[in-house]
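Visitor: The amino acid sequence is not available; the structure is as follows:
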């Protein structure tokens, strides 16, 4: 995972080029989630990007939110509210091939996520 801080804008960009069923820590403490782009263009199967607000046991811990990204697609998610973002207690992220709490399968090929936070 790469981290880039954009000057004085107060925005951080996290890029994970190998998002899979292992949880990645985006922010271990309170953070504002502004946007996310997920690139699933190398896979034919859908992936489900799960956001947790505490360090999860993937497959057991219920995600805070799940985003479905169809196979062969690149999708962007921006919370409504004119750029104000959504505050989470923490942000942990995974990508799996089955939705819901129980999904634990890794994508066949690389899935990239780019996330903007404060």
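Guide: Arrived safely. Given the structure is predicted, the values throughout are model-derived calculations rather than measurements. Numbering: from 1, shown residues only.
Visitor: for this protein, what's the longest strand?
Guide: With secondary structure taken from DSSP state E, the chain has its longest strand at strand 31-39.
Visitor: Need the residues that contact that strand.
Guide: 11, 19, 47, 49, 51, 67, 69, 74-79, 83-88, 90-91, 95, 111-118 (C-beta atoms under 8 Å, 6 or more residues apart in numbering). (Each C-beta comes from the backbone N, C-alpha and C, glycine too.)
Visitor: What strands flank it, and is each parallel or antiparallel?
Guide: Within its sheet, and counting by DSSP bridges, strand 31-39 is paired with strand 74-77 (antiparallel), strand 86-88 (antiparallel), strand 112-117 (antiparallel).
Visitor: Provide a list of residues in contact with residue 27.
Guide: 88, 90, 91, 117 are the contacts of residue 27 under C-beta under 8 Å, 6+ apart.
Visitor: same deal with residue 58?
Guide: 21, 22, 23, 50, 94, 96, 104.
Visitor: and which of those is nearest to residue 59?
Guide: residue 104 (4.1 Å; C-beta to C-beta).
Visitor: give me the number of residues near the closest residue to the closest one other than its chain neighbours?
Guide: Using C-beta to C-beta, 6 or more residues apart in numbering and skipping the chain neighbours, the partner closest in space to residue 104 is residue 59 (4.1 Å). By other C-beta atoms under 10 Å, the residues close to residue 59 number 15.
Visitor: who's in contact with residue 59?
Guide: Per C-beta under 8 Å, 6+ apart, neighbours of residue 59: 101, 102, 103, 104.
Visitor: most surrounded residue in the residues you listed?
Guide: Busiest of these [other C-beta under 10 Å] is residue 103, holding 19 neighbours.
Visitor: which residue sits closest to that one, ignoring its sequence neighbours?
Guide: Closest to residue 103 by C-beta to C-beta, 6+ apart is residue 96, at 4.3 Å.
Visitor: How about residue 86?
Guide: Residue 86's closest residue in space is residue 79 (C-beta to C-beta, 6+ apart), at 4.5 Å.
Visitor: Quick check: residue 22 touching residue 95?
Guide: No. Using C-beta atoms under 8 Å, residue 22 is not in contact with residue 95, being 9.6 Å away.
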